[in-house]
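K.L.:
Predicted model, plus sequence, below.
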Amino acid sequence: MDSSAAALIGMGMAAAGVAGSGVGIGYVFGKMIESVARQPGAEARVSKYLWIGFALTEAVALYALVIAFILMGKAG
């Protein structure tokens, strides 16, 4: 296997990391909606943790995107 084929496989694996991050973001927001539906008074307190969880999950997607772009440069 040459290095360009390995880079293409790595790009596909990085795309899977982005898909996993999308699932995580959906989970975070779903749990926020569920918790506010159960206890509406806690929305202000829970929402700051929502944005922290969203930012950490989104960071994983950005790292995977950066790795995919680096590998795209190696494949060309």
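P.N.:
Structure's in. What do you need?

K.L.:
contacts, neighbours, all on C-alpha from now
P.N.:
Noted.

K.L.:
For residue 57, which non-adjacent residue is spatially closest?
P.N.:
residue 21 (5.9 Å; Cα to Cα, 6 or more residues apart in numbering).

K.L.:
Find out how far the helix or strand where that neighbour lies is from the centre of the chain, if you would.
P.N.:
Using DSSP states H and E, the element containing residue 21 is helix 3-38. Mean-position distance between helix 3-38 and its chain equals 4 Å (Cα atoms, centre = their mean, to the nearest Å).

K.L.:
Just after it, pick out the following helix or strand.
P.N.:
Heading C-terminal from helix 3-38 (DSSP H and E), you reach helix 43-75.

K.L.:
elements contacting that next one?
P.N.:
helix 3-38 (3 or more Cα pairs under 8 Å, 6 or more residues apart in numbering; DSSP states H and E).

K.L.:
Mind listing what's buried along the helix it packs on?
P.N.:
7-8, 10-11, 14-15, 17-18, 21-22, 24-25, 28-29, 32 (16 or more other Cα atoms under 10 Å).

K.L.:
so, if you compare these, which one comes nearest to residue 60?
P.N.:
Using Cα to Cα, the shortest approach to residue 60 within these belongs to residue 21, at 6.5 Å.

K.L.:
who touches the closest one in this structure?
P.N.:
Shown in contact with residue 21 (Cα atoms under 8 Å, 6 or more residues apart in numbering): 57-58, 60-61.

K.L.:
and what of residue 32?
P.N.:
When contacts are counted by Cα under 8 Å, 6+ apart, residue 32 is found next to 46-47, 50.

K.L.:
dump the residue contacts of the closest residue to residue 3 other than its chain neighbours.
P.N.:
In this structure, residue 3 finds its nearest non-sequential neighbour in residue 75, 7.2 Å apart by Cα to Cα, 6+ apart. Shown in contact with residue 75 (Cα under 8 Å, 6+ apart): 3-5, 7-8.
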